[in-house]
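Peer 1: build the 3D model from these lines:
(2 chains)
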Number of protein chains: 2
Amino acid sequence: MTQLESCMESLIVIFHQYAKDDGDKKTLTKKDLKKLLESELPNFLKAQNNPKTVDFIMNDLDSNKDDKLDFEEFLPLIAGISLACEKCYNASQRKGKK
Amino acid sequence: MTQLESCMESLIVIFHQYAKDDGDKKTLTKKDLKKLLESELPNFLKAQNNPKTVDFIMNDLDSNKDDKLDFEEFLPLIAGISLACEKCYNASQRKGKK
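Peer 2: Presented below is the predicted three-dimensional model:
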């Protein structure tokens, strides 16, 4: 398996690792999402420095408003954080060249 | 670093590994995209079984039609393939339970 294939597999496995806990087994409840963020994205969560962050994210991602996130609704979180990180990466590369 | 953080880092590093080759150093030309798909997603590319696949993908992802892909334009490819894989994963889980 290539690195990119492993990476996509990890996204799926991590999502389902938290999805299986609570509610139906294929979606994240807010409780599942909170656990996932606390365990998998602790630095991101700390940087927000807001106790309402999980509520905001849940509300933002839950596009069909059924109080749970399927994998398709979860993906924009990964895309959004990756994009923010990539902007930092580009900025740091520019700084390194000066 | 958590597994999910490593995974997002890999997405950025892999993108830039191919972006640095050709044209400006922060975007993928069609030539870069072809190399990335051939090396990182060979199974996906083979499954399409169409010599025009790289053209179709480039055209589909290049939302501002500048003939290159920045990281933001590249992300929907990863999201799309991950989502397709997740549907297969769910189907295989259901099958396993029967």
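
Peer 1: contacts and neighbour counts: CA atoms only from here.
Peer 2: Noted.

Peer 1: does any part of the longest helix seen in chain A sit near chain B?
Peer 2: With secondary structure taken from DSSP state H, chain A has its longest helix at helix A:71-97. Yes: using C-alpha under 8 Å from any C-alpha of the partner chain, helix A:71-97 reaches chain B at A:Phe71, A:Glu72, A:Leu75, A:Ile78, A:Ala79, A:Ser82, A:Leu83, A:Glu86, A:Asn90.

Peer 1: and that helix, how far out from the chain middle?
Peer 2: Between the centre of helix A:71-97 and the centre of its chain there are 12 Å (C-alpha atoms, centre = their mean, to the nearest Å).

Peer 1: equivalent analysis for stretch A:43-63, please.
Peer 2: 10 Å.

Peer 1: and that stretch, which residues are buried?
Peer 2: The neighbour-count check on stretch A:43-63 (16 or more other C-alpha atoms under 10 Å in any protein chain shown) flags A:Leu45, A:Val54, A:Met58, A:Asn59, A:Leu61, A:Asp62 as buried.

Peer 1: farthest pair in the residues you listed?
Peer 2: Pairwise distances across those peak at 18.3 Å for A:Leu45 and A:Asp62 (criterion: C-alpha to C-alpha).

Peer 1: sec struct for A:Asp22, please.
Peer 2: Under DSSP: H, G, I helix; E, B strand; the rest coil, A:Asp22 falls in the coil class.

Peer 1: return the residues in contact with the closest residue in space to A:Thr2 that isn't next to it in sequence.
Peer 2: Nearest residue to A:Thr2, sequence neighbours excluded (C-alpha to C-alpha, 6 or more residues apart in numbering or on different chains): B:Glu40, at 5.6 Å. For B:Glu40, the contact set (C-alpha atoms under 8 Å, 6 or more residues apart in numbering or on different chains) comprises A:Thr2, A:Gln3, A:Leu4, A:Glu5.
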